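In: here is a sequence with its predicted model. Questions after.
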Amino acid sequence: MIKPKFITFEGIDGAGKSSHIEWFGESLRARGVRVLITREPGGTRLGEIWREQMLREQMTAESQTLLMFASRSEHLAQLIRPALMRSDWVLCDRFTDATYAYQGGGYGVATDTIDMLAQWLHSDCVPDMTILFDVPLDVSRQRLMRNGRSLDRFENEEKDFMQRVRDAYLGLAARDPQRYRLVDGSQTRDTIRNTLCDFLDELLPQ
Ligand code: TMP
């Protein structure tokens, strides 16, 4: 039997990852895999409460970092580890790479601090594959505006902030090509799905 996989979906706001995660999960299920789809920040009852506060309340970058990891700790304990233990695959909409990109790249929290928290909380649980959806800032902004809903604190940050987040993501991907798969999120839905099919084949060789 194939070892259950932990797969994360990352990208700046408006890169389109969330609209593809459900399809990816359904495609895995069609191939006979049991799948848990979840998200960060959130996933658990407490995590969803903290999510609202993190997205709406003013707080320091240090508080954001600690709350992201508090939420992640609950998520790992209640959902992610138990799912992997019962051999379900886990698809997670954002994980620790988002902390490196947003709190680290965006707000300047030191990489060593994030490394230390990640090592402390989940050295046993690192994603097997991370699919990074990358789009230029203008595309991201247009999509967020088209959406019509009110923007959260991160989406409301100035352009320079989102550029730093994007650069941080691309840096992470360049340093770990084994784990990362880069997808141009500005392509058509069908082209992106074709690319995702290649990843499915890689994960589940016939
Ligand atoms: P979402 O809109 O993709 O669900 O993500 C919510 C926001 O949370 C998004 O703007 C990125 C941010 N975020 C961080 O800043 N750090 C993190 O560690 C995570 C998981 C998300």
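Out: It's in.

In: every contact and neighbour count from this point should use C-alpha atoms.
Out: OK.

In: for the chain, longest helix please?
Out: helix 159-175 (DSSP state H).

In: list the buried residues for that one?
Out: Buried residues in helix 159-175, counting neighbours by 16 or more other CA atoms under 10 Å, are found at 161-170, 172-173.

In: gap between that helix and the chain center?
Out: Centroid separation for helix 159-175 versus its chain: 14 Å, with CA atoms, centre = their mean, to the nearest Å.

In: mind checking the end-to-end distance for stretch 171-179?
Out: Using CA to CA, to the nearest Å, the end-to-end distance of stretch 171-179 comes to 13 Å.

In: picking up where we left off before, check which element follows the longest helix of the chain along the chain.
Out: Later in the chain than helix 159-175, the nearest helix or strand by DSSP states H and E is strand 180-184.

In: name the helices or strands packed onto that following strand?
Out: strand 129-134, helix 159-175, helix 189-203 (3 or more CA pairs under 8 Å, 6 or more residues apart in numbering; DSSP states H and E).

In: just to revisit the earlier point, now the buried residues of helix 159-175 in JSON lines, please, with extra columns for distance to Ala83 and pLDDT.
Out: Below are those laid out as JSON lines (distance: CA to CA, whole Å; pLDDT from 0 to 100):
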{"residue": "Phe161", "distance to Ala83": "35", "pLDDT": "96"}
{"residue": "Met162", "distance to Ala83": "33", "pLDDT": "95"}
{"residue": "Gln163", "distance to Ala83": "35", "pLDDT": "96"}
{"residue": "Arg164", "distance to Ala83": "34", "pLDDT": "97"}
{"residue": "Val165", "distance to Ala83": "30", "pLDDT": "98"}
{"residue": "Arg166", "distance to Ala83": "30", "pLDDT": "98"}
{"residue": "Asp167", "distance to Ala83": "32", "pLDDT": "98"}
{"residue": "Ala168", "distance to Ala83": "30", "pLDDT": "98"}
{"residue": "Tyr169", "distance to Ala83": "27", "pLDDT": "98"}
{"residue": "Leu170", "distance to Ala83": "29", "pLDDT": "98"}
{"residue": "Leu172", "distance to Ala83": "26", "pLDDT": "98"}
{"residue": "Ala173", "distance to Ala83": "26", "pLDDT": "98"}
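
In: redo the residues you listed as TSV? Include distance to Ser123.
Out: As requested, these are arranged in TSV below (distance: CA to CA, whole Å):
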residue	distance to Ser123
Phe161	29
Met162	28
Gln163	29
Arg164	26
Val165	24
Arg166	25
Asp167	25
Ala168	21
Tyr169	20
Leu170	22
Leu172	17
Ala173	19
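
In: taking these, tell me the two that lie furthest apart.
Out: Greatest spatial distance among those (CA to CA): Phe161 and Ala173, at 18.7 Å.
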